[in-house]
Structure formats: structure tokens, C-alpha cells
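In: The sequence and its predicted three-dimensional model are supplied below.
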2 protein chains.
Amino acid sequence: MLSLRPRVVIIGAGFAGVRAARELANSNAEILLIDQNNYHTFIPLLYQVATAFISPEAIAYPIRRLLRRIPNAHFLMARAKGIDFSAKLVQTDSIGIFYDYLIVATGSQTQFLGVEGAPQYALSLRTLEDAVAIRNHILSCFERAAYVTEESQRRQLLTFVIVGGGPTGVELAGALIELIKQPLARDYPLIDPRQARVILLHSGERLLGKLPEHLGNYTCRQLRRRGVRVHLQTRVSSVTPTAVELEDGNVIATSTVIWTAGVEANIPTDTAKLPTAKKNKIVVESTLQLPKQPHVYVVGDVAFVEQNGKPLIGVAPEALQQGTAVAQNIKRQLQGRSPKPFEYFNKGRAAIIARNAGVAYLFGKMSFTGFFAWLLWLGIHLYYLPGWSNRWTVLASWIRDYFTRERTIRQIFPAQTSILTNSNDLERQQVKFDS
Amino acid sequence: MLSLRPRVVIIGAGFAGVRAARELANSNAEILLIDQNNYHTFIPLLYQVATAFISPEAIAYPIRRLLRRIPNAHFLMARAKGIDFSAKLVQTDSIGIFYDYLIVATGSQTQFLGVEGAPQYALSLRTLEDAVAIRNHILSCFERAAYVTEESQRRQLLTFVIVGGGPTGVELAGALIELIKQPLARDYPLIDPRQARVILLHSGERLLGKLPEHLGNYTCRQLRRRGVRVHLQTRVSSVTPTAVELEDGNVIATSTVIWTAGVEANIPTDTAKLPTAKKNKIVVESTLQLPKQPHVYVVGDVAFVEQNGKPLIGVAPEALQQGTAVAQNIKRQLQGRSPKPFEYFNKGRAAIIARNAGVAYLFGKMSFTGFFAWLLWLGIHLYYLPGWSNRWTVLASWIRDYFTRERTIRQIFPAQTSILTNSNDLERQQVKFDS
């Protein structure tokens, strides 16, 4: 299949990459989408996979199925290792790919902010595998707590620490406390549910720092009312397999530290050093082109984009709008016209806290809390989730959970992703089961 | 929770173990079920997970949820390592458990019949993890075949060899050819679907040797009509990462060998040597008690049980009936009565071949082929699948697949269970994508 049409290579099948591929469907370019996974991950619902709400498959849409509707698009499952801008070549772990236009949409990765032990011992929540690993780990902690006899070990196993009070930390804390108080309390009759604690550590003065103050305060009250111990202005100094140490000297014994506090751009490693701004994001022109590389666009979490003097924060709507914008710009270039600057239209932001409680801030002026914001969040995410069958699966899980307070996907599976299984942080003992 | 009630320990939460626990619900014993997984696997549908029909969670029922309805039952997630009959102690990888009565229901594992290379390079289908590994591997082969340029490599990647013509081999072959001819053909427009081959190797003279001859012949015709290459009276002499060698000297280049040809009993390793019969199965009394151990029962695939001079073959109904029988026998012993011999009531056997085609042999005399047998198989398995929500999920997948010829669960996930990902059996090349 030798083609003389210009080739647009897109690295990364996240929100920006997939949107760009779709928008280029009616162009005369040949599109090649590269991703290390053969599915697109719907990241906003990862926390629900991590807390046993929904199955991982429900938020992982097969990329080839998505591309069936785009006749000029192909897919390559590979990990991009580097970009050679002078040769116009993307190097992957399998084959090398030449491009005429390139869209770098490689997203972000967890940044542990230099905290000692965090890269080794804290769990992060960026990929589907991370989410399943967290689910497996939480359930493994309960399984082990069911038979340990020493009170301090049981307490350590049942203490879940979440670092970071942004949307991911808040959503995870709310979903986790509900998982523990209802379905797990029923599953483990020998464990006193009051022994299980969810602790949310946040360095800032209030939760959800990017939203107006009263929404952060509402979120904090809601989480506390539901049993989450929220500690504001608290920084972590180190993480070990059995504890998290705080900068104020306090130590929390825990087998579980989930890190949601920092992200940075994920740039293929063998790429020539590019000018970057904070969070290692690549500095781009207002058109999202790489400076001096008119055929290379950088979008989504990997791009440093400012609007009205403020950097964009790295949420899905930004990535989607940027995906559309670069597709339009490439089409303009293909027609011999010059690309246009990108402008982000911020419809608003929402975060979910727990059952019947959410916060939303719309069009830069209207704010909502409680049931309406909760319903709005669910509706928006259901709308954006790709695939009708996934929507039905997720909606059915939500409805079932709402009425039965049950979580169905609580298999520890696959077993090897539980970091607890082979760890030696708890001594194995020989005791009678009920002694 | 010190209890003075007699304790029944059940090792293994398969069909026999779970059934026994349920039947002991209304006894005055305390039940402890031990399994290395926190879920019960519905093994008859594993092949559908392996061929991207249904999600693994749909056939993995959380054991603690199952036990909620049994107030006198507890669960321990642990791997049984050995049994000390004199101390009445089960040793696990976490704690040791004393028993008053013991039910050994540890099932079976793959037996590679001494074929060189098979344990290292052949995939087996006994656990949920095996099933997901097969799915990931098949899809990885297609992903790689989409970009390799050498014809022989592509052919090797697209050749899928199944060893063993029993129900598992037949069901897998039928489901795999349908997966390849329809959904994957649409997903990989650059791969010629005629290049993909499914080869079923069977040592016997006919498929499904345990069923009447005409059913085996019908199965063979149906599979061949649908494109499976069935080779009867063909034995494998060795397996390598890139080929399977036959006893007749022929060599089939393939990256995928799925082994369904042999099983043997899975006995905890540190157990005193017990008298065993073929397939390493433990010889038991007619009551399913271990000889000289009146408080120890052995059931399911791990027990050697004969009926009318013929050994039972190791199917789910046998395990279920044995689970009931040992529960009744333990209840009799608790009441000071003596246990009764087990008698298997064989309602029949069924196997599914592919869309609209199955075989069934009922009550030792009636045989059916085609649509009715197919529907019967689906109905029986839906009935026995635990959990209403799982039934709905599976039924919905089947209906969707039937009308759309689509398979939705085709994510390569988790990525690390694809044995292809890090293998070096294919050289990595740097080529232009469409050269």
C-alpha cells in the first residue's frame, strides 16, 4: 500500500490524539495513530475502576474499532521512543515511521515531586493498569487484614492514604470511603469497619484549588461528613512500604499510599531537548506548532499553552479542543493556508465527591453543589464515554450501585498486579484461624 | 471469635468446593473456604474470555459475596501448600489452619504429557489468567502481523495451533475461527484474512472421544466447513517459540500453541504421598473419603472415582454432585451416622462448536446436533453461571455477538500478560510503515 498522500502521524490515542484523527477523517491525508495500548482509556473514570465500580473494559475502547469509521486512518501498536525532527522520523519499539505532519499527544505521567520513596512505594492513577493495581491492592489489604492477629498490622493494612486534593484525589477518596463503609463492610464481617480509615493529604489551603473557594470548602465538609479524614496544608516528606512520613514529623502507618499530587508531560525519551515550561511541558506557538517545526504539533497534557496569561491545567476538554484545532490547522496547511491560533473555550469544570454530591463551576460564573452537580458530572462523563455498549455497561453499574450500594467488580485480578501479594512488609505467621 | 463448633475446611472454591459450602449452610459446623483467588471461576466459559467474547469479570464471582448468604462460612484467600493429616492441619502461604473435617477440592492443572518445550512455550486454558493471556496473545499476534514485512513471519504470527480435540479444544477452535473471520478481519484491513489459520491437532481417531462417534464426526465436519484445519491421529513431539513439531516429522511455523490435551490432579505439594491413579488423581473410598482418614474427603477433578467400572471424566456436573454428596456425608457424620457411597447421575454432556452448531448426548441415549444442541448448551451454562448480573452481562454479550458478529472485549490488557510483547522470536526492524 504505497501512498503518495501526505502522512499525518499521531503519537498517543488519548483525548487529543483520537479527536485529531477523527477530525482528519475527511482530509486527503493518510493518518497513522500510534499508541502503546490497543485501546483508548477514558481517564476521568479511572478512579471508578480503582474502587471496584466498573470493569476496566468498560472504559477502554478498542482503537481499531474507533478507526473503522475513518477509512484513511491506520493504527500501529507500539511505544514511541523518540522523534528525529530533521529526518522526520518517529522511532518506536518496533518499527520507525516517517511523517509529513506530526501530532505529539503523549499525555502526562505521575510526578512524585522528589518525595523519597514515593516512586517505589506509592501507587499512581494514570493508566488502566494503575487503576486495576489499586483495586487489587485495596482488596488484598482487606483479605490480609481478615487474618492478621496483631492489632497494629491490621490498622496499617486498613489505613488508606491519598496524597493530593485535586479532582482525582477527591473523587478517589469519596469513592473509596463508600466502598469501605458499604460493600466491604458486608464482605468482611470479622473486620470492624471503624478500623478502616481513608486519609486525604493536601498541601494547599483548600481542596480543588482550581475552583472557587466555597466549592473547595463544600467538598471538604462533604468528605469529612462521610468519614474521610482530610488534612489540609500537609506535605509528605517520604513514603516507605509501611508508612508515610509528613513534613511536620508525624508518621502514618499504612500499606497504601495513592499519589495524585503531581503530573508532568510524558515526552518520548530519545527526543532532542526541547524548550519546556513547568511540569516539563513543551512550549508551543499559539497555533500549537512546535517553534521552527511548522509540521509538528504538540497537544494535550504534553503542551504548555497559556490563555489570558494563565496556563491551561490539563483536563479532557482542553485536549479535545486542541485535537480539533490541530486537525483544522493541518487541513489548512494541506490547502496551502496558514494555521490559526488555538483558543480554548472553557465551558466549566466539575468534580464528583460521592453519592449525591458534586461540585460544578460553569462558564466562569455559575457554581453548583450537591445533587445537581453530581448528576451533571455523571451525565457529562456518560456523554463523552466512547461507545454505546460501554455507556450502557457503565450506566447499569451506576444504577445498580446507587440502589444496592454494591460494587460488583471486586475480583483481585490479575493476581500479580497486587503489590501486596509478594511483599514481605508483614511477617507471615502460623496461627489458628480464629484464635 | 473462638468457636466450639466443629470446623469444616474446604480447599478450593471451584464447583465442588462452593457447592459443598452451600450445602453445609444449614449445618451446625463452622465452614472455612480457602482459595488462592478471591473469586470462583466459571471454567466452562473460559474459552469465551480467551476469544474476546466476554469480560473476565463476567465469569469470576466474588467468593465473599457468595458466602454472605451462608452465615456459618468464612473465607481465607491463601494458597494451600500442604496437608498434615496427623496434625489435622492445612498449611497455606499465609497461616496454618486446623480442621475437624477437610474437603480437598483443589481441581486440576494442565499436563503437557512430556512433550518437550510445551510447558515453556504452549499456552494453557485452566485459569482466568490463562484465558486473558490467550486473548492478549492472539490480539498481539495480529497487531504484530499488521506491520511485519516478511511473508513467513506474518504467516507464523497468523497461524494458531490448538492441541487436543476434547471439548475445550473444539470450543476454542470454533470460537477462534469466528473471531478471526469476522471482527478481526474488519479490524485489520491490511491483513488478508485467508492468511490466518486455525489448526486443531488431535491424537485420537475422532474429536470428542467421550461422546458417540457420529457426534465427533459432525463436530469435525462443522469445524472444517467453518475453516478450521482439523488433523486427526496427529501427535505433537515438541514445541518451540516459533513452531510445533509433529511426530510424523512435519513442522508448523507458529507463534501460538494452545494446549488443551491433558490435565492432572492438582494436589498441594507438601502433602504426604497418597495412593493415586491415572492423571495423578487421589484414590478415594466410594463415600469420597480418603482411605483411613474418615474426616477427609476428596472431590472433583482431584479425586479418582469410578462408576460402573469406568472412571469419571472430570466435568462440572460431577464436581457439583460430589460437592453435595460430601456435604451430606459430613452432616451424617456430625449426627453420628455413617457416610453414604456417592453415585453420579449422568444427565448428559454437551459441547458447543460455533454459531448455531453444538452437540449434546443426554441420559445415555439421546443425541442432538446443530441448532438445538447449541441453544441447549448456552441455556445450561447461563443457568449454572453464578449471579444474576453476570448472567445478564453474558447473555447481552452473546446476543450482541450473534447479531453484530462483533467481539467487544478485545483490549490487550493487561499488557504484561502477552507473552509476545517482550519476546525476541521476531526480529525488530526499522522499516517505513507502508513500504
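Out: Thanks, I have it.
In: Could you count how many residues lie near the nearest residue to A:Ala118 once chain neighbours are set aside?
Out: When the adjacent residues along the chain are set aside, A:Ala118 lies closest to A:Phe112, with 3.9 Å between them (CB to CB, 6 or more residues apart in numbering or on different chains). Where C-beta positions appear, they are placed from N, C-alpha and C, glycine not excepted. Neighbourhood size, A:Phe112 [other CB atoms under 10 Å in any protein chain shown]: 19.
In: Let me see the confidence value for the closest residue to A:Thr92 other than its chain neighbours.
Out: Closest residue to A:Thr92 apart from its sequence neighbours, by CB to CB, 6+ apart: A:Ala78 at 3.7 Å. Looking at A:Ala78, its pLDDT reads 96.
In: same question, A:Pro193
Out: pLDDT, read off for A:Pro193, is 84.
In: Contacts only, for the residue nearest to A:Ala118.
Out: A:Ala118, A:Pro119, A:Ala122, A:Trp259, A:Gly262 (CB atoms under 8 Å, 6 or more residues apart in numbering or on different chains).
In: still on that earlier bit, quick one: the residue nearest to A:Thr92 from A:Gln91, how far?
Out: 10 Å (CB to CB, to the nearest Å).
In: and the closest residue to A:Pro275 other than its chain neighbours, what are its bridge partners?
Out: In space, A:Pro275 comes closest to A:Val283 once its chain neighbours are excluded; the distance is 4.6 Å by CB to CB, 6+ apart. A:Val283 has the following beta-bridge partners by DSSP bridges: A:Phe304.
In: residue contacts, A:Val283?
Out: Residues in contact with A:Val283 (CB under 8 Å, 6+ apart) are A:Leu274, A:Pro275, A:Thr276, A:Ala277, A:Pro291, A:Phe304.
In: center of chain A, which residue is that?
Out: A:Arg126 (4.0 Å; CA atoms, centre = their mean).
In: So it belongs to a helix, correct?
Out: No: looking at A:Arg126 with DSSP: H, G, I helix; E, B strand; the rest coil, it is coil, so not inside a helix.
In: In the stretch 251-400 of chain A, which residue sits nearest chain B?
Out: Closest contact between the stretch 251-400 of chain A and chain B, by CB to the nearest CB, is at A:Ser389 (5.9 Å).
In: And for the closest residue in space to A:Asn266 that isn't next to it in sequence, the neighbour number?
Out: Excluding the flanking residues, the one nearest A:Asn266 by CB to CB, 6+ apart is A:Gln109, at 4.4 Å. For A:Gln109, the count of nearby residues is 17 (other CB under 10 Å).
In: For stretch A:25-33, measure first residue to last.
Out: Stretch A:25-33 stretches 12 Å from its first residue to its last (CA to CA, to the nearest Å).
In: What are the buried residues along that stretch?
Out: By 16 or more other CB atoms under 10 Å in any protein chain shown, the buried positions in stretch A:25-33 come out as A:Ser27, A:Ala29, A:Glu30, A:Ile31, A:Leu32, A:Leu33.
In: what sits against the third one?
Out: Pointing back at A:Glu30 there. A:Ser3, A:Arg5, A:Pro6, A:Arg7, A:Val8, A:Asn72, A:Ala73, A:His74.
In: Quick check: bridge partners of it?
Out: Under the criterion used (DSSP bridges), A:Glu30 bridges to A:Arg7.
In: quick one: stretch A:98-107 to chain centroid distance?
Out: With CA atoms, centre = their mean, to the nearest Å as the basis, stretch A:98-107 stands 22 Å off its chain's centre.
In: How about exporting that stretch as PDB, limited to the C-alpha atoms?
Out: The C-alpha coordinates for stretch A:98-107 follow below in PDB (Å, rounded to 0.1, in the frame of the first residue of the first chain):
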ATOM      1  CA  PHE A  98       8.300   8.700   8.700                       C
ATOM      2  CA  TYR A  99       5.900  11.600   8.800                       C
ATOM      3  CA  ASP A 100       4.900  14.600   6.900                       C
ATOM      4  CA  TYR A 101       2.900  16.100   9.700                       C
ATOM      5  CA  LEU A 102       3.300  15.000  13.300                       C
ATOM      6  CA  ILE A 103       0.900  15.400  16.300                       C
ATOM      7  CA  VAL A 104       2.600  14.700  19.600                       C
ATOM      8  CA  ALA A 105      -0.200  13.800  22.000                       C
ATOM      9  CA  THR A 106       1.700  11.600  24.500                       C
ATOM     10  CA  GLY A 107      -0.100  12.900  27.600                       C
END
